[in-house]
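# build me a structure from this.
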Amino acid sequence: MTDCGGLPALGETVRYTTRDRVGRVMGHLGPYIQLRPLSGGREWDVDPRQVQRLSPPEVLSALVAEANARSRRGS
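All right, here's what the predicted structure looks like:
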């Protein structure tokens, strides 16, 4: 993980640094963390060393960006 403090908690919002994707922690399976996009959808597994915890302003920014994208899609 790119910052210290152990694994992120279930429900925590993190950035997958390898692909610059933001997701919510849905579980821990073996050596991986399972993330789901903020808009929902299919989970993906990531190496915990490739995630970065987000600050509250960063989480808010990611949520606003997702809401804007959703409104452009008409969903």
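
# which SS state does residue 23 fall under?
strand (DSSP: H, G, I helix; E, B strand; the rest coil).

# what is the neighbour count of it?
For residue 23, the neighbour count with other C-beta atoms under 10 Å is 22. To be clear about C-beta, it is placed using only N, CA and C from the backbone, and glycine gets the same treatment.

# ditto for the one 5 residues further on
By the criterion of other C-beta under 10 Å, residue 28 has 15 neighbours.

# identify the bridge partners of it.
Counting by DSSP bridges, residue 28 forms beta bridges with residue 33.

# is it in contact with residue 8, as I believe?
No - applying C-beta atoms under 8 Å as the test, residue 28 and residue 8 come out as separate, 9.1 Å apart.

# could you give the bridge partners of the residue nearest the centre of the chain?
When C-alpha atoms, centre = their mean is applied to the chain, the residue found nearest the centroid is residue 23 (1.9 Å). Using DSSP bridges, the bridge partners assigned to residue 23 are residue 14, residue 37.

# residues touching it, list them.
13-14, 16, 35-38, 44 (C-beta atoms under 8 Å, 6 or more residues apart in numbering).

# of these, just the buried ones, PyMOL syntax please.
Remark: buried members of these, expressed as a PyMOL selection using 16 or more other C-beta atoms under 10 Å:
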select buried, resi 13+14+16+35+38+44
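
# just send the contacts of residue 23 back as CSV, with distance to residue 67 and pLDDT too.
Below are the contacts of residue 23 laid out as CSV (distance: C-beta to C-beta, whole Å; pLDDT from 0 to 100):
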residue, distance to residue 67, pLDDT
13, 14, 97
14, 19, 98
16, 20, 96
35, 19, 98
36, 16, 97
37, 13, 95
38, 9, 92
44, 21, 96
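
# next, format the contacts of residue 23 as TSV and append distance to residue 66.
TSV is the format used below for the contacts of residue 23 (distance: C-beta to C-beta, whole Å):
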residue	distance to residue 66
13	10
14	14
16	15
35	14
36	12
37	8
38	5
44	16
